[in-house]
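Q: A structural model of the following input is requested.
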Amino acid sequence: MNPARRSMLRLMAFAAAGGAVGRMPNALATGSGRFVSRRPPPSRRAFSSPAVEREIARVKARIGDPELAWLFENCYPNTLDTTVHLDTLRGKPDTFVVTGDIDAMWLRDSSAQVWPYIPLAAKDAALRRLFRGLIRRQALCIAIDPYANAFLPDPHGHTTLSWAKHDLTDMKPGVAERKWEIDSLCWSIRMAHGYWRATGDREPFDDDWRASMQRVLATFREQQRKHGPGPYHFQRSSPTPTDTVPLGGYGNPARPVGLIYSMFRPSDDACIYPLFVPGNAFAVVALHQLAEMSRALHGDREFAADCVALADEVEAALAKYAVMQDGSGNEVWAYEVDGYGNQLFMDDANLPSLSGLAYLGFCKRDDARYQHTRALAWSARNPYFFSGSAAQGIGGPHEGLRMIWPMSIMVRAFTSQSDAETAQCLHWLKTTQAGTGFMHEAFDQDDPSHFTRAWFAWANSLFGELIVHLADHHPRLLRRA
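A: Residues are numbered from 1 along each chain as shown. As a prediction, the model looks like this:
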C-alpha cells in the first residue's frame, strides 16, 4: 500500500477510534439510550472477515450488560478495522500490522493484536491469507535484524520514528526501533505456533521462515553472553533514563549463568538487571513450541533438540537464580536478577509479566509459586501497583506513577480463579474507558478521563480475547454483568 493511502486510512481510523489522546467527554449513547458503534463504516475498514462478524454476533448475544456488549463490539475487531494492511512482497502475501497511533510494526504488538482471531482462521480464507502474510513479514523482519523490536512498512526504508533517528546502535534498513527485548522473538513464535495448531496450514513455514527461526535460536544463545557481550549495544540521548542502556550500551553487569540477557522490557523500558525473568520464562515456552513445529513441519529433529536443550537450560537457571522470598516464607519469582545474587521484585503491566506467566503457558494458574507471585505483584510490595478511587491495577515506568494499564486488569481476569475477582475486573474495565468505547494504554487511578493512547490496538484485542474467553468458559459472568 502506498504511503499516502496508508496515512489516509490511519487518520480515518484514528477518528473512528476516538480522536486525540487526553480527556474525552462521555458520549456513550444517543437520546434513545442505544450505544452507538465506534467502528469505522464497512467501506473504511482496513480488513473484513465474515468469521469475525459472526463471532461478534455470537458473543454479544451472551452478554447481559449493553455497555459491556458495546465495548466488545468496538474493541474485538479494532485491529482488523484499523491497523491491518495487506499487500504482496516478493510475489507472496504480505501483512503489515501497525500498533495504532504509531505507523510501525512491533513484533510483540502485531502478534498479540491478531491472536484472538486465530481460532477463527480455519474457517475463513481471508484470515488465513492475513496470517500467512504476517508470518512471512515477521520472518523477514527477523532476518533483517533479530535484535530490533519494531519495523517499517518498507524493508529498505530508514526509520521515521523521531525518537529513534539518532540512536547509537547498528541500525539497519527496514528497522523502526532497535531495542533488544527477548519477548519480541517469543511473540512471533507464539503467534506462528498458535496459527499452525489451529489450522494445520504448512504454507507460510518455508525455508525463509526456517532460516529466521535459526536466527532466533542463535540470538538467544548469543545473549546468554557466555563468550562476551555479543554484538548488540544501544544508547539514546534522552531525558528519560529508561530509554537508554548504561555501560556503553551493553547494560548493567550480570553473570552468565544460562539466562538470556535482555536490555529492554516489553514496555520498551530499559532493564535494571539484564536477566529479565518473565522474558526468560516466555523463552522457555516459545522454544518448546518452536521445537514442536520443527519436528512436525520439517522433520528437523536436530534443531528441535537444540531448542529443547536451551529451554531446559534457561528453566534450570530460572529455578536457581530467579526465586526469592516474599517476606512471609513463600517462594515467589523475581522480576529481574543479575546472577550475582541481586534480585528485583516489581511487576509491569506489559506482557510478558510475572502476573502473566500463567496466561502465557509457563505454569498453571494454581501453581503455588505463581499464586504467591501474583498476589505480591497486586500489592504495595510492587512499586508499580496503584490503587485509587477508579480502579486498582499495575502500571510501570513507561507512563509513570498513578497510571494503571487496563492490560494488567485483563491479565488478572484471565488468570483468576474467583468469580468475584473476575467480575470486579470487568467492572473496572467498563467504568474506566472514559466514554470512548475503547481500552487505553493507561489511565489515572482516580480520573479515568485522563488517559494515554486513544488508539492502542493491543489493549483492544486483549479485551476482546478476554470477553470471548469468558463467553466460552464462564458465561454466567457475562450474563449477569
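
Q: let me see the contact set for Met102.
A: Careful, residue 102 is Ile and not Met. Contact analysis of Ile102 by CB atoms under 8 Å, 6 or more residues apart in numbering lists Leu161. Where C-beta positions appear, they are placed from N, C-alpha and C, glycine not excepted.

Q: for stretch 304-322, buried residues please.
A: By neighbour count with 16 or more other CB atoms under 10 Å, stretch 304-322 contains the buried residues 304, 306-308, 310-311, 313-315, 317-318, 321-322.

Q: among these, which are in helices?
A: The helices, defined by DSSP state H, take in 304, 306-308, 310-311, 313-315, 317-318, 321 from the buried residues of stretch 304-322.

Q: related to what we said a few turns ago, any chance of the buried residues of stretch 304-322 in a markdown table, plus distance to Asp206 and pLDDT?
A: Formatted as a markdown table, the buried residues of stretch 304-322 follow (distance: CB to CB, whole Å; pLDDT from 0 to 100):
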| residue | distance to Asp206 | pLDDT |
| --- | --- | --- |
| Ala304 | 18 | 98 |
| Asp306 | 20 | 98 |
| Cys307 | 19 | 98 |
| Val308 | 23 | 98 |
| Leu310 | 24 | 99 |
| Ala311 | 24 | 99 |
| Glu313 | 29 | 98 |
| Val314 | 28 | 99 |
| Glu315 | 30 | 98 |
| Ala317 | 33 | 98 |
| Leu318 | 33 | 98 |
| Tyr321 | 38 | 98 |
| Ala322 | 36 | 98 |
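
Q: let me have those residues in CSV, extended by distance to Phe345.
A: Converted to CSV, the buried residues of stretch 304-322 look like this (distance: CB to CB, whole Å):
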residue, distance to Phe345
Ala304, 35
Asp306, 33
Cys307, 30
Val308, 30
Leu310, 26
Ala311, 24
Glu313, 24
Val314, 20
Glu315, 20
Ala317, 18
Leu318, 15
Tyr321, 14
Ala322, 11
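
Q: wait, which of those is closest to Ile144?
A: For those, the minimum distance to Ile144 (CB to CB) is 22.0 Å, reached by Cys307.

Q: what's the distance between the closest one and His227?
A: 20 Å (CB to CB, to the nearest Å).

Q: confirm that Thr88 sits in a strand.
A: Yes: according to DSSP: H, G, I helix; E, B strand; the rest coil, the state of Thr88 is that of a strand.

Q: neighbours of it, how many?
A: The local packing of Thr88 (other CB atoms under 10 Å) involves 9 other residues.

Q: what helices or strands is the strand or helix carrying Gln424 leaning on?
A: Counting by DSSP states H and E, the element that carries Gln424 is helix 419-431. Judged by 3 or more CB pairs under 8 Å, 6 or more residues apart in numbering; DSSP states H and E, the packing partners of helix 419-431 are helix 66-75, helix 406-414, helix 457-473, helix 475-479.

Q: how long is stretch 54-66 end to end?
A: Its start and end residues considered, stretch 54-66 measures 18 Å (CA to CA, to the nearest Å).

Q: for it, list every residue counted as buried.
A: Of the residues in stretch 54-66, those buried by neighbour count under the rule 16+ other CB under 10 Å are 55-56, 59-60, 62-63, 65.

Q: give the rounded mean pLDDT of that stretch.
A: Across stretch 54-66, pLDDT averages out at 97.
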